[in-house]
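*Asks:* Predicted structure and sequence below. I'll ask about it afterward.
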Amino acid sequence: MSLLLEVSGLEACYGRSQVLFGLDLTIAEGQVVTLLGRNGMGKSTTLKCLTGWMAPSSGRIRFAGEDVTGWSADRIARLGLAIVPEGRQVFPNLTVREHLEAFAGNRSAAKEPWTVERVFALFPRLSERASNMGNQLSGGEQQMLAIGRALVTNPRLMILDEATEGLAPLIREEIWRCLDTLRAAGQTILVVDKYVKRLIRLADHHSIVERGKVVWTGDSPALDADHGLWHRYLGV
């Protein structure tokens with residue numbers, strides 16, 4: 001598999017406070033990869049650097065064959081990176097359909113692109129709420145909309161930041177089933193979440209972040225076999 005994302009020696013600071021210390025990360029085409037770690041260990045800062053919302057102080061980010069280090073967020077997005085942000089961030093004054101139509105575009109020239117109607121087939125509840133405003137949706141429905149909004153851009157890489165946070169168990173499981181479907185379809189995904197047992201079933205590869213650097217990396221069987229890692233780095 002060819003590498004889609006390659007992060008090497010990434011460092012980042014907030015003023016005089018350094019947060020990332022030489023972080024490395026790779027994602028191959030078609031992989032589902034997780035970034036794990038306790039709160040405050042650098043996961044969110046990493047995502048900000050990857051998506052162009054924060055410029056790293058040093059290191060390199062290569063995505064889709066380009067050195068995108070320091071690129072603006074819109075330029076990186078046009079290259080095929082989409083994020084499902086923590087907190088969903090739906091627009092209260094747009095309907096479900098308007099959300100999806102506003103972001104739709106086959107930037108990756110996919111043979112079977114994600115369209116509004118295809119998202120409605122993935123999430124029938126959104127189809128039922130197509131004319132509802134963003135602020136009229138439940139938390140679970142807003143999360144489905146945030147995922148659908150990312151999908152209709154037809155991204156080469158989709159990042160999910162705490163996509164199941166605060167959801168009821170049944171809705172959370174619906175989101176996991178959606179991700180299983182996307183994985184089976186070959187979508188490349190980077191997931192930040194805390195449900196390790198479920199992530200082991202979903203992902204191909206995992207990286208654990210501690211104090212701004214990757215301290216462990218391996219596949220699902222390796223992570224499943226070493227619960228000491230869970231206690232040491234994840235607080236599980």
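*Replies:* Nice, thanks for sending it over. Not measured: the values here are computed from a predicted model.

*Asks:* any idea how far the top helix by length along the chain is from the chain center?
*Replies:* In the chain, with assignment by DSSP state H, the single longest helix is helix 169-184. A distance of 14 Å separates the centroid of the chain from that of helix 169-184, by C-alpha atoms, centre = their mean, to the nearest Å.

*Asks:* For the helix or strand following it, output the C-alpha coordinates as PDB.
*Replies:* Once helix 169-184 ends, the next helix or strand along the chain (criterion: DSSP states H and E) is strand 188-192. Output of strand 188-192 as PDB, limited to C-alpha atoms (Å, rounded to 0.1, in the frame of the first residue of the first chain):
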ATOM      1  CA  THR A 188      -8.900   5.900   4.600                       C
ATOM      2  CA  ILE A 189      -9.700   7.100   8.100                       C
ATOM      3  CA  LEU A 190      -7.800   8.500  11.100                       C
ATOM      4  CA  VAL A 191      -9.800   8.100  14.300                       C
ATOM      5  CA  VAL A 192      -9.300   9.800  17.700                       C
END
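
*Asks:* quick one: low-confidence ranges for the protein?
*Replies:* For the chain, the stretches with pLDDT under 70 are 1, 236.

*Asks:* would you list every one of the strands in it?
*Replies:* Using DSSP state E, the strands found in the chain span residues 3-14, 17-28, 32-36, 58-63, 66-67, 81-84, 157-161, 188-192, 205-210, 213-219.

*Asks:* which residues make contact with stretch 40-52 from outside it?
*Replies:* Under the criterion C-beta atoms under 8 Å, 6 or more residues apart in numbering, residues 5, 7, 10, 12, 14, 19-20, 23, 25, 35-37, 54-56, 61, 63, 68, 71-77, 81, 83, 86, 159, 161, 190, 192, 209-213 lie in contact with stretch 40-52. All C-beta atoms are positioned from the backbone trio N, CA, C, and that covers glycine.

*Asks:* Could you do stretch 224-236 as well?
*Replies:* 36-38, 194, 196, 200, 208, 210, 215-216, 223.

*Asks:* Report the buried residues of it.
*Replies:* 224, 229-230, 233-234 (16 or more other C-beta atoms under 10 Å).

*Asks:* do the same with stretch 113-132
*Replies:* Buried residues in stretch 113-132 (16+ other C-beta under 10 Å): 113-116, 119-120, 122-123, 125-126, 129.

*Asks:* want to throw the strands of the chain into TSV with distance to Leu145 and mean neighbour count?
*Replies:* TSV is the format used below for the strands of the chain (distance: least, C-beta to C-beta, whole Å; neighbours: other C-beta atoms under 10 Å):
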stretch	distance to Leu145	mean neighbour count
strand 3-14	25	18
strand 17-28	25	17
strand 32-36	21	24
strand 58-63	25	17
strand 66-67	29	12
strand 81-84	10	24
strand 157-161	14	24
strand 188-192	18	23
strand 205-210	28	21
strand 213-219	32	16
